[in-house]
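Enquirer: what's the 3D shape of this:
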Amino acid sequence: METAFKRIAWLVVTMMGPVSGQFAQAQSQAQTQTHAQTQAQAKPAGNCSELSEFMARMESQSRQLKDWPALGRYREANAKLAALAKDEQRVIFMGDSITDMWVLPQFGAFFPSKPYIGRGIGGQTTPQMLVRFRPDVIALHPSVVVILAGTNDIAGNTGPITLEETEGNLASMAELTRANGIRVVLSSVMPVSNYGHTPEGNPLDMRLKRPPEKIIELNAWIRKYAGVNDHIYLDYFSAMVDDQGLLKKELSEDGLHPNAAGYAVMAPLAEKAIQSALHEIPASSLGFQAPVPVARQTEQDQMNELYGLYYAELGDQESGETAFVISPDGQPIPKKQNDPDAPTLPGLHVNGRHFKFAWSQLSLQGFAFRTVSVDGDEYSFQGKFGREKVDVIPDVPYLAGVLTEKRNSRLVQKKNVKFGHAVIL
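Expert: Numbering: from 1, shown residues only. Predicted coordinates for the structure are as follows:
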């Protein structure tokens, strides 16, 4: 066993040798461990299976250290790729494991007879994709690239990263694409759930590393960025989310990765986005829209009812006033005749202080926002719409959800809040 541990120590030193700083400590610890074991009394040999597992992990980490962005994954395939045929409109799918797995036979044919190429790598984050973007996308001369990335950033797969940094990486990929005459499709991050399980049947909760509110915030930025820069926004999220805000149970086995049914939902949405990009249809969002019966209100009519002023119902134990304004165009809403001092500016209003929305997302199901920081204070909210009768007015919208307060990026409090719509003029 002593010899085995000496070999392990030698492997650690050899693998970590080219990397300075933080790995020097690992070398010292390995040498110390070997010395201590030499001085200790001989013990029975350890479990050989554990040693094999350890060696396998070390080899995997060694490969990642040597090729962190996995440039070698598609190097040979890229070299063998045939030159573009006349009038061929090649499409590259850049992404993580969701893109990587899409080409597997068990998930159905990957766009048969289409010149579509998958360049996904499981577990990758946007900084890794940005490094390999030139050889795996630009050098292949596609007409369109479909980018699906961000969920592993939120999970911290390659270390802590802010949403702003993720957004910057996505923007850099889009800028590289456009600079090379390639059209851009930016995909929403998909929802996750706690409905899944491991192959052994153990429950999985993908929300723990990928909080739904962060996915919503990142998607709001992607949608806005795509619209401002005239890229195509591909909305997988809306087609795959259930009424609890989670990935539909029937579309995934583990609560993160699509199954065959999930890819069957994604494929026509991707194809529609690609065709729009190829034909340069000016559209900022191509996503799922459920069919609406003719006799029902139009979706726009329903949305119009949701704009306006909302007051928080905080209870007798709370003091001060909390309200927010949702505006259809970002402009102040009209003053209320019975309350001319009521807030009119879009954003959150707390005790006379105005917090503009840094981002917000409104749908028929709910509303979420994060404010800019004012003197170190900032707020975020995520809630769902309901309907109630107010005095003699039926079906007045309200929002019930969680309001989070932070000061200097530290959590101050989270509280359940109901915001009632101020419908009376």
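Enquirer: strands of the stretch 301-425 of the chain, start to end?
Expert: Remark: strands assigned in the stretch 301-425 of the chain by DSSP state E, counting those that start in this stretch are 308-313, 322-326, 347-350, 353-355, 357-362, 366-371, 377-390, 393-407, 410-421.
Enquirer: list the neighbouring strands of the shortest one plus their orientation.
Expert: Read that as strand 353-355. In the sheet, strand 353-355 lines up against strand 347-350 (antiparallel) (DSSP bridges).
Enquirer: just for the stretch 251-400 of the chain, where's the confidence low?
Expert: In the predicted model of the stretch 251-400 of the chain, residues 280-298, 314-320, 337-338, 391-392 satisfy pLDDT under 70.
Enquirer: ok, and the closest non-adjacent residue to residue 167?
Expert: Leaving out its chain neighbours, the residue that sits closest to residue 167 by CB to CB, 6 or more residues apart in numbering is residue 221, at 5.3 Å. Glycine gets a C-beta too; all of them are placed from N, C-alpha and C.
Enquirer: so what's the gap between the helix or strand hosting the one you found and the chain middle?
Expert: Using DSSP states H and E, residue 221 maps to helix 212-228. Distance, stretch centre to chain centre, for helix 212-228: 8 Å (CA atoms, centre = their mean, to the nearest Å).
Enquirer: re the thing from before, report the separation between the residue nearest to residue 167 and residue 265.
Expert: 23 Å (CB to CB, to the nearest Å).
Enquirer: equivalent analysis for residue 271, please.
Expert: For residue 271, the distance to residue 265 equals 12 Å [CB to CB].
Enquirer: show me where the stretch 51-200 of the chain has strands.
Expert: Assigned by DSSP E, counting those that start in this stretch, the stretch 51-200 of the chain shows strands spanning 91-95, 116-120, 144-148, 183-187.
Enquirer: now tabulate these in CSV and tack on mean neighbour count and mean pLDDT.
Expert: What follows is the strands of the stretch 51-200 of the chain, written out as CSV (neighbours: other CB atoms under 10 Å; pLDDT from 0 to 100):
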stretch, mean neighbour count, mean pLDDT
strand 91-95, 26, 98
strand 116-120, 22, 96
strand 144-148, 25, 97
strand 183-187, 25, 96
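Enquirer: quick one: closest of these to residue 398.
Expert: Among the strands of the stretch 51-200 of the chain, strand 183-187 comes nearest to residue 398, with 32.6 Å by CB to CB.
Enquirer: that closest one vs strand 91-95, what angle?
Expert: Interaxial angle, strand 183-187 versus strand 91-95 (axes from the mean of the first three to the mean of the last three CA atoms, to 10 degrees): 40 degrees.
Enquirer: run the chain-centre distance for strand 183-187.
Expert: With CA atoms, centre = their mean as the basis, strand 183-187 stands 15 Å off its chain's centre.
Enquirer: so residue 248 makes contact with residue 239?
Expert: No. With contact defined as CB atoms under 8 Å, residue 248 does not reach residue 239; the gap is 9.1 Å.
Enquirer: how much space separates residue 313 from residue 321?
Expert: For residue 313, the distance to residue 321 (CB to CB) stands at 11 Å.
Enquirer: please apply the same query to residue 385.
Expert: Distance from residue 385 to residue 321, counting by CB to CB: 22 Å.
Enquirer: ok, residue 376 next?
Expert: In this view, residue 376 and residue 321 are 21 Å apart by CB to CB.
Enquirer: more crowded one of these two?
Expert: residue 321 (14 against 10; other CB atoms under 10 Å).
Enquirer: which parts of this protein are helices?
Expert: Listed in chain order, the helices of the chain (DSSP state H) span residues 2-16, 22-39, 48-66, 75-80, 97-102, 126-131, 133-136, 151-155, 163-179, 212-228, 236-240, 260-278, 299-306.
Enquirer: what about the helix holding residue 221, average pLDDT?
Expert: Averaged across helix 212-228, pLDDT comes to 93.
Enquirer: tell me the angle it makes with strand 366-371.
Expert: Between helix 212-228 and strand 366-371, the angle comes out at 80 degrees (the same axes, to 10 degrees).
Enquirer: show me the contacts for the closest residue to residue 369 other than its chain neighbours.
Expert: Leaving aside its sequence neighbours, residue 369 sits nearest to residue 360 (CB to CB, 6+ apart; 3.9 Å). Counting by CB atoms under 8 Å, 6 or more residues apart in numbering, residue 360 makes contact with 220, 326, 367, 368, 369, 370.
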